[in-house]
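*Asks:* Here is the input, now give the coordinates:
(one chain, ligands or ions: 1)
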Amino acid sequence: MQAYRAALLRFDDQHRPVYDTDGLLVTAPDQRGVHTVRAAGSHSALIGQFADLEVHDWRDHLIAPGFVDMHVHYPQTDVIGSPADGLLPWLEHYTFPHEARFADPDYARGVAEFFFDELQRHGVTTALTFATSHPASVTAAFEAAQARGLRFITGKVLQDRHSPDGVRDETEQSLIDSENLLQSWHGVDRLGYAITPRFAPSCTPAQLRGAGELAARHPDVWIQSHVAENHDEVRWAHELFPEAGSYLGVYGDFGLLRERAVYAHCIHLSQGDRALMRRSGAVAAVCPTSNLFLGSGFFDYLAADSAGMAYGLASDVGGGTSFSPFKTMLAAYFVGREGQSKPGLSLKPSQLWWQHTAGAAQALGLKGVVGNLQPGHEADFVVLNPQASPLLARRTQQASDLEELLFALIVLGDERVVTRTVIASR
Ligand SMILES: [Zn+2]
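*Replies:* Reported below is the predicted structural model:
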């Protein structure tokens, strides 16, 4: 059994923060050897309930759930910060040539290790991640995540058209490879597989149909793709699939909208599309730093809420500009504030934080598993230092309540704040 004394943040079922300024987190391994939360609450209320507790003293620090990144491309770690005239030129000039290198397993392994080091430095404990079209890229990521004991989801990218040599795959083989990888890795330790059509324009109808059939045969496997990121892309999807009701509807037509289906961006959707998201159980990965970087547009929180569609936050590296959840939450605040293309709003700091922890986990179908520190959850968490920089120390000392403290961390925080990232299986 392990116990940690610190300020403690978690969330209730109504998405509200639960906060103990002098808290105690008690964890113990389950039958798999994965530490789960046994108790969480105020130190004074809990300390008498456990005999012989060895308490790690992190007073002056904040313990919070590990961050969950709903959409990131590990192979694009080296593409971060590449300038381009929007999404499609960026793919063509930087991303596709770089991803071609992942046919080499050694290269893929090296990037995967670096990627997971970065996630840990930034306090990200679970990620839903694109690999590349090469099966070796998937194996490399799973092996690295398994060795680190992570809850982690990835899959082989499907792209059998409108893609250059080196990344384009072959329809039938791509589906065979996907199913083989799925059977090798899904449900092994804390790993999960995601069927991964890159986006509708890069997949033939036959490939999308095969992906949908695979998804129907394996309902507990994830689906991940992109939709409605940018106007040129939306126009292109309409040209390629004129019979579909909308770009999002293409995925629905091929059986790719269901629970555990995660669509990055979801910017240029109609209210009918948003209702389709809610009805199907598909969810959005909101990628604010990427959307600002590529000038794609602004996720409409009010429209998403009024349609009842679920969403969480994501870095979308390498279109995104940082692995840091603090940068992502701040960018999400900017996106929410934007009031020219949609009504602007001020997202509450605890709400931004929820979107990147418990909310993201819930959208992934992992509610009760990760993203929170209520009893029963796998104990992936971060130890944060609100005094990590002089300005942050000065500002957080003057915070009069939890919302002010969280907002100071969101606005001023970066990896220096992350004193430790604790993985439940370690
Ligand atoms: Zn993406």
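
*Asks:* Okay, buried residues for the helix or strand of the chain with the lowest mean pLDDT please.
*Replies:* Counting by mean pLDDT, DSSP states H and E, the weakest-scoring helix or strand in the chain turns out to be helix 87-90, with a mean of 86. For helix 87-90, the neighbour count (16 or more other Cβ atoms under 10 Å) marks 87, 88, 90 as buried. C-beta: built from backbone N, CA, C; applies to glycine.

*Asks:* ok, then the element right after that helix?
*Replies:* Proceeding N to C from helix 87-90, the next assigned helix or strand is helix 96-99, under DSSP states H and E.

*Asks:* which one of the buried residues of helix 87-90 sits closest to residue 111?
*Replies:* Proximity of these to residue 111 was ranked by Cβ to Cβ; the top entry is residue 90 with 18.7 Å.

*Asks:* Wait, the closest one touches residue 84, no?
*Replies:* Yes. Applying Cβ atoms under 8 Å, one finds residue 90 in contact with residue 84, separated by 3.5 Å.

*Asks:* Now the common contact residues for these two.
*Replies:* The contact sets of residue 90 and residue 84 overlap at residue 294 (Cβ atoms under 8 Å, 6 or more residues apart in numbering).

*Asks:* What sits closest to the closest residue to the ion within the stretch 101-250 of the chain if chain neighbours are left out?
*Replies:* Going by Cβ to the ion, the ion is nearest to residue 226 of the stretch 101-250 of the chain, at 5.5 Å. Once flanking residues are discounted, residue 226 sits nearest to residue 199: 4.2 Å by Cβ to Cβ, 6 or more residues apart in numbering.

*Asks:* what's the pLDDT at that neighbour?
*Replies:* If you check residue 199, the pLDDT there is 97.

*Asks:* what residues are up against it?
*Replies:* Applying Cβ under 8 Å, 6+ apart, we find residue 199 in contact with 225, 226, 227, 233, 237.

*Asks:* hmm, the least confident helix or strand of the chain in reach of the ion?
*Replies:* No. Helix 87-90 is not in contact with the ion by Cβ under 5 Å from the ion; minimum separation 9.4 Å.

*Asks:* which residues make contact with that helix from outside it?
*Replies:* With Cβ under 8 Å, 6+ apart as the criterion, helix 87-90 contacts 82, 84, 229, 230, 232, 233, 236, 294, 296, 319.

*Asks:* and if we set it to 6 Å?
*Replies:* When contacts are defined by Cβ atoms under 6 Å, 6 or more residues apart in numbering, helix 87-90 is touched by residues 84, 229, 230, 232, 233, 294.

*Asks:* next one: stretch 292-309
*Replies:* If you take Cβ under 6 Å, 6+ apart as the criterion, stretch 292-309 is touched by 86-87, 229-230, 267, 274-275, 277-278, 286, 311, 319, 321, 331, 335-336, 338, 341-343.

*Asks:* can we see that at 7 Å?
*Replies:* Stretch 292-309 is contacted by residues 86-87, 90, 229-230, 265-268, 271, 274-275, 277-278, 284, 286, 288, 291, 311, 319-321, 331, 334-336, 338, 341-343, 345, 347 when judged by Cβ atoms under 7 Å, 6 or more residues apart in numbering.

*Asks:* What of stretch 51-61?
*Replies:* The contact list for stretch 51-61, computed with Cβ under 7 Å, 6+ apart, reads 1, 3, 4, 5, 6, 7, 383, 384, 385, 419.

*Asks:* Mind giving me the ChimeraX select for those residues, buried ones only?
*Replies:* Filtering the contacts of stretch 51-61 down to the buried ones (16+ other Cβ under 10 Å) takes a single ChimeraX command:
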select :3,4,5,6,7,383,384,385
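
*Asks:* Of all the contacts of stretch 51-61, the one with the weakest confidence?
*Replies:* residue 1 (91).

*Asks:* Helices of the stretch 251-400 of the chain, start to end?
*Replies:* For the stretch 251-400 of the chain, the helices defined by DSSP state H, counting those that start in this stretch cover 271-280, 288-293, 301-307, 325-337, 349-355, 358-363, 390-397.

*Asks:* can you list these in CSV and add mean neighbour count and distance to the ion?
*Replies:* Shown next, in CSV, are the helices of the stretch 251-400 of the chain (neighbours: other Cβ atoms under 10 Å; distance: least, Cβ to the ion, whole Å):
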stretch, mean neighbour count, distance to the ion
helix 271-280, 17, 17
helix 288-293, 24, 7
helix 301-307, 16, 18
helix 325-337, 23, 13
helix 349-355, 23, 17
helix 358-363, 27, 15
helix 390-397, 15, 30
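
*Asks:* Which one of those helices lies nearest to residue 181?
*Replies:* Closest approach to residue 181 among those is made by helix 358-363 (23.4 Å; Cβ to Cβ).
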